[in-house]
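Peer 1: attaching a predicted model along with its sequence, questions to come.
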Amino acid sequence: MNKIIFYKIFLTENPKEFYIGSCENLSRRKSQHKKNTTNKVKPQYWNNLYFFIRLKGGWDKVEMTKICEINLSKDDRRRYEQAFIEILKPTLNSINVLPEKNRPDLTEIINQLKKIIL
């Protein structure tokens, strides 16, 4: 089990445009996101999130904040991140963490997270 941080990246002037992610080290993950935004060699450069950040004026125009921390296994991390995506409906996540085809029932996790974040 590891301490997993769930976070949100959003446009400061319009918080309805946002991305949900998870990591073990928030400052390291933010650094990775910044590199992906500016490094044209990386395939992630054209990802929805990074394109949006560049389009809106760069990292000076967005914020990255922690939603919560939970101790989870690697498998549970993916389930919880997908549950956050289903609850909060982010506009900038370009892929689901868990493919719909084989996705387990997340109802119990969703209900648990709603108590924490809503």
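Peer 2: Looks like it came in fine.

Peer 1: ok, and what's touching the longest helix belonging to the chain?
Peer 2: Counting residues, the longest helix found in the chain (DSSP state H) is helix 74-88. By Cβ atoms under 8 Å, 6 or more residues apart in numbering, the residues outside helix 74-88 that reach it are 2, 4, 6, 8, 18, 20-22, 67, 70, 72, 93, 96-98, 103-104, 106, 109-110, 113-114, 117-118. Quick note: C-beta positions are derived from backbone N, CA and C, even for glycine.

Peer 1: looking at the protein, which helix or strand is least sure?
Peer 2: helix 107-117 (a mean of 91; mean pLDDT, DSSP states H and E).

Peer 1: restricting to C-alpha, output that helix in PDB.
Peer 2: C-alpha atoms of helix 107-117 as PDB (Å, rounded to 0.1, in the frame of the first residue of the first chain):
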ATOM      1  CA  THR A 107     -20.400   1.900  -7.000                       C
ATOM      2  CA  GLU A 108     -19.000   1.200  -3.600                       C
ATOM      3  CA  ILE A 109     -15.800   3.300  -4.200                       C
ATOM      4  CA  ILE A 110     -17.900   6.100  -5.700                       C
ATOM      5  CA  ASN A 111     -20.200   6.200  -2.700                       C
ATOM      6  CA  GLN A 112     -17.100   6.200  -0.400                       C
ATOM      7  CA  LEU A 113     -15.500   9.100  -2.300                       C
ATOM      8  CA  LYS A 114     -18.600  11.200  -2.400                       C
ATOM      9  CA  LYS A 115     -18.600  11.200   1.400                       C
ATOM     10  CA  ILE A 116     -15.000  12.500   1.300                       C
ATOM     11  CA  ILE A 117     -15.200  15.100  -1.400                       C
END
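
Peer 1: let me see the ranges of the strands in the chain.
Peer 2: Counting by DSSP state E, the chain has strands at residues 2-11, 14-23, 62-72.
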